[in-house]
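# based on what follows, work out the 3D shape:
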Amino acid sequence: MKLQGKSKRTSTGAIYHKHRKKKKYEMGRETLRTKLEENERKKTIRCRGRNKKMRLIATKFANLSDPKTKKSFKVEIKNVIENPADPHFVRRNIITKGAIIETEKGKAKVTSRPSQDGTVNAVLI
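Model (predicted):
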């Protein structure tokens with residue numbers, strides 16, 4: 001787990017006394033869960049250095065690449081079969097990196113982070 005900012009304790013276990021509160025760039029954000037829904041919804045977030053990050057809130061489609069033929073397709077996601085991040089995500093149809101989804105072409109593993117990249121990229125299994 002990556003922490004935002006400095007640790008509260010030293011390597012020996014002593015407590016660091018804070019000399020200031022967290023700055024805006026040190027604060028984290030609430031994680032966004034990408035759901036499987038009919039209509040696609042996206043959200044643009046301003047990041048540090050005026051950069052932008054597209055967050056995918058809900059989607060029905062994925063960019064599927066076939067490693068054998070080296071071709072990519074836009075396919076419809078039917079269902080979420082397995083999700084190693086949390087077993088409850090399968091029941092709620094939440095898509096994260098590493099999730100195994102069922103598509104028109106067969107089973108696929110998600111390789112992108114939909115809540116950060118704005119798209120669902122997957123590789124055919």
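# alpha carbons only for contacts and neighbour counts from here, please
Fine.
# which residues touch the residue nearest to the spatial centre of the chain?
With distances taken as Cα atoms, centre = their mean, residue 113 lies nearest the centre of the chain, 3.4 Å away. For residue 113, the contacting residues are 96-97, 119-120, by Cα atoms under 8 Å, 6 or more residues apart in numbering.
# repeat the analysis, applying 10 Å as the threshold.
Contacts were defined as Cα atoms under 10 Å, 6 or more residues apart in numbering; by that measure residue 113 touches 34, 55-56, 95-98, 119-121.
# equivalent analysis for residue 81, please.
With contacts defined as Cα under 10 Å, 6+ apart, the neighbours of residue 81 are 87, 89-91, 93, 99-102, 107-108.
# can you list the strands that the helix or strand containing it pairs with?
Using DSSP states H and E, residue 81 sits in strand 71-82. According to DSSP bridges, strand 71-82 forms sheet pairs with strand 61-66 (antiparallel), strand 100-103 (antiparallel).
# deepest-packed of the ones you listed, please.
Ranked by average neighbour count under the criterion mean count of other Cα atoms under 10 Å, these are headed by strand 100-103 at a mean of 21.
# next helix or strand past that one?
On the C-terminal side of strand 100-103, the closest following helix or strand by DSSP H and E is strand 107-110.
# where do the strands sit along this structure?
With DSSP state E as the definition, the chain shows strands at residue ranges 34-36, 41-46, 52-59, 61-66, 71-82, 94-95, 100-103, 107-110, 121-124.
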